[in-house]
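Student: below are the sequence and a predicted model; questions follow.
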Amino acid sequence: MSAISKPSDTLAFEPVLTRYIGKKDSHTLDFYLSHGGYDAAKRVVRDYKPDEVIDAVKKSGLRGRGGAGFPCGLKWSFVPKKTDKPKYLVCNADESEPGTFKDRVINEEDPHQLLEGILITCWAVGIETAYIYIRGEMWRGAQRLKAAIDEAYAKGYLGKKIFGKKFNLDVTVHRGAGAYICGEETGMLSSLEGGRGYPKLKPPFPAVEGLFRCPTVVNNVETLANLPHIFNRGIEWYRSIGTEESPGPKLFCVSGHVNKPGVYERPLGIPLRELIYDVCGGIPGDRGIRAVIPGGSSAPFLGPDELDTPMSYEGLKDAGSMLGSAGVIVLDDTTDLLSALLNVGKFYHHESCGQCTPCREGCGWVEKILQRMHDGRGRSEDIDLVDEICNQMVGKTICVLSDALAMPAQSVLKKFRPELEKLIAQGRPDVLCELAREPSPAL
Ligand SMILES: Cc1cc2nc3c(=O)[nH]c(=O)nc-3n(C[C@H](O)[C@H](O)[C@H](O)COP(=O)(O)O)c2cc1C
Ligand code: SF4
């Protein structure tokens, strides 16, 4: 495994993505320009050939921050250079993964940082039309982005002949309607086309056949926001942060049982323990930790003995989980794990688009069985039954929403089995008292 950032690295770390968050008027063009804003985009458009930009982004090692960690420059290089079709950029600002609230901070507080990243991407790939697909509930972010786009047009940073070059770019904000599945890239493109947010089988990947069946780059907000910094400070600087396989700064969204929840920018590879105790001030009442969900609700749970896991793509993979969207949910030792997992099950069952049987039926059955285990009506065979259903949900569907329930569920069944067996055996008198007041439907 590659070297991880030492605690001393993380203490000396200087945030870049969030450096202006909380400052007055940080969302305005005047503020952004007075702090060197758009310098990187101007330099890139004037001095770099598109291929040189793609090459530099590949060398920086920037990986997509939307969940899968796919190398950004490599993705751009899949877009055909010569094509008679238009090419598109769609910035994924859907941010629906439970426990994730980082892109929102950029959209609301520093939208020009994102627009600068969009300019660099579109110059590199030869794109003249970009969309920002933002979740419907993110009203403030949509307003701030629209205002920033208006300012950029007025200044000549969007529109025709940008920075005096043969470079035209139009950017439009598109508000979604709050469906989790519209964060999945092909579902998002269908929704943007005006259809239902149904994911499509890949290949073809969007880079080759995406929006309106044209080559399309899909990148997350945070991914794009990294670009100005790479071109301002250089590849060497960028690679000096984080780990060999996961370079750069990362926005961690920490919620649940911590004293100081919030969005924290730290180097990739920071140990989970440091994030929880040094950055977020530990657990209220100095209680112990029962489990941590490290990468949004799709990520397998970690146990209390896994707090030294490096928060990098490879570190979490080695631990059998994933960095995902870096939505870190901390559960203290008073947490009812069945209740937490049932919550996850309800979410995925509700959000399944229903196209694939293993997902549509699997999510429903997992929720139902977890509900009866939770309610004190579990059967001794239920743990194995849920596990078996989950086996049928992994790797068998159009998109990975199905896996996104099966993986955390299986991690809980495996890591906390004795606790679950005990809960089933004793019949949950605590929960039954609650149910006596408000009975749940019989299963
Ligand atoms: C069910 C599901 C939901 C997703 N939701 C989001 C999301 O809200 N935001 C996001 O950026 N990526 C989301 N993704 C990942 C996208 O499909 C895509 O990989 C990502 O936007 C690519 O950007 P990146 O390479 O910059 O990470 C989701 C994936 C799945 C399977
Ligand atoms: S896996 Fe689930 S959400 Fe994804 S396409 Fe199939 S049914 Fe829809």
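Tutor: Nice, I can see it. Ligands and ions are numbered 1, 2, ... in the order given.

Student: and Thr397, how many neighbours?
Tutor: 22 (other CB atoms under 10 Å). For glycine as for every other residue, the C-beta is placed from the backbone atoms N, C-alpha and C.

Student: again with Thr216
Tutor: Applying other CB under 10 Å, I find that Thr216 has 28 neighbouring residues.

Student: got the contact list for Ala299?
Tutor: Ile293, Leu316, Ser321, Met322, Leu323, Gly324, Met407, Pro408 (CB atoms under 8 Å, 6 or more residues apart in numbering).

Student: turn these into TSV, columns for distance to Gly248 and secondary structure.
Tutor: Shown next, in TSV, are these (distance: CB to CB, whole Å; DSSP: H, G, I helix; E, B strand; the rest coil):
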residue	distance to Gly248	secondary structure
Ile293	23	strand
Leu316	16	helix
Ser321	20	coil
Met322	17	coil
Leu323	12	coil
Gly324	16	coil
Met407	25	helix
Pro408	26	helix
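
Student: near ligand 2, which residues of the protein are found?
Tutor: Within reach of ligand 2 by CB under 6 Å from any ligand atom, the chain has these residues: 181, 199, 352-356, 359-360, 397-399, 401-402.

Student: what's around Arg273, how many residues?
Tutor: Arg273, neighbours per other CB under 10 Å, totals 16.

Student: now do the one 5 residues further on
Tutor: The number of residues packed around Asp278, counting by other CB under 10 Å, is 15.

Student: distance check, it against ligand 2.
Tutor: 38 Å (CB to the nearest ligand atom, to the nearest Å).

Student: confirm that that residue sits in a helix.
Tutor: Yes: according to DSSP: H, G, I helix; E, B strand; the rest coil, Asp278 belongs to a helix.

Student: would you mind giving the secondary structure of Ala68?
Tutor: Ala68 - assigned by three-state DSSP - is coil.

Student: near it, how many other residues are there?
Tutor: Counted with other CB under 10 Å, Ala68 comes out at 15.

Student: do the same with Arg266
Tutor: By other CB under 10 Å, neighbour count at Arg266 equals 24.

Student: contacting residues around it?
Tutor: Neighbour list for Arg266: Thr10, Phe13, Pro249, Lys250, Phe252, Leu275, Val279, Met311 [criterion: CB under 8 Å, 6+ apart].

Student: how about the residues you listed in TSV, adding pLDDT?
Tutor: Output for the contacts of Arg266, formatted as TSV (pLDDT from 0 to 100):
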residue	pLDDT
Thr10	60
Phe13	88
Pro249	98
Lys250	98
Phe252	98
Leu275	98
Val279	97
Met311	98
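
Student: secondary structure, distance to Arg65 and neighbour count for the residues you listed - can I get that in a markdown table?
Tutor: Output for the contacts of Arg266, formatted as a markdown table (DSSP: H, G, I helix; E, B strand; the rest coil; distance: CB to CB, whole Å; neighbours: other CB atoms under 10 Å):
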| residue | secondary structure | distance to Arg65 | neighbour count |
| --- | --- | --- | --- |
| Thr10 | helix | 18 | 19 |
| Phe13 | coil | 17 | 16 |
| Pro249 | strand | 10 | 21 |
| Lys250 | strand | 7 | 26 |
| Phe252 | strand | 11 | 24 |
| Leu275 | helix | 16 | 23 |
| Val279 | helix | 18 | 17 |
| Met311 | coil | 13 | 28 |
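
Student: return the residues of the stretch 51-200 of the chain in contact with ligand 1.
Tutor: Residues of the stretch 51-200 of the chain lying close to ligand 1 (CB under 6 Å from any ligand atom) are 64-68, 70, 92, 94-97, 181, 183-185.

Student: just the strands in the stretch 1-150 of the chain please.
Tutor: In the stretch 1-150 of the chain, strands defined by DSSP state E, counting those that start in this stretch lie at 88-93, 129-134, listed in chain order.

Student: pick the most buried one from those.
Tutor: With neighbours taken as mean count of other CB atoms under 10 Å, those reach their highest mean count in strand 88-93, at a mean of 27.

Student: partner strands of that one, with direction?
Tutor: Partners of strand 88-93 in the sheet, by DSSP bridges, are strand 129-134 (parallel), strand 216-220 (parallel).

Student: after the shortest one comes which helix or strand?
Tutor: This points to strand 216-220. Counting by DSSP states H and E, the element after strand 216-220 in chain order, helix or strand, is helix 221-233.

Student: I only care about the residues of the stretch 51-200 of the chain next to ligand 1 that end up buried; give me the ChimeraX line for that.
Tutor: Buried residues within those, by 16 or more other CB atoms under 10 Å, are selected in ChimeraX with:
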select :64,65,66,67,92,94,95,96,97,181,183,184,185
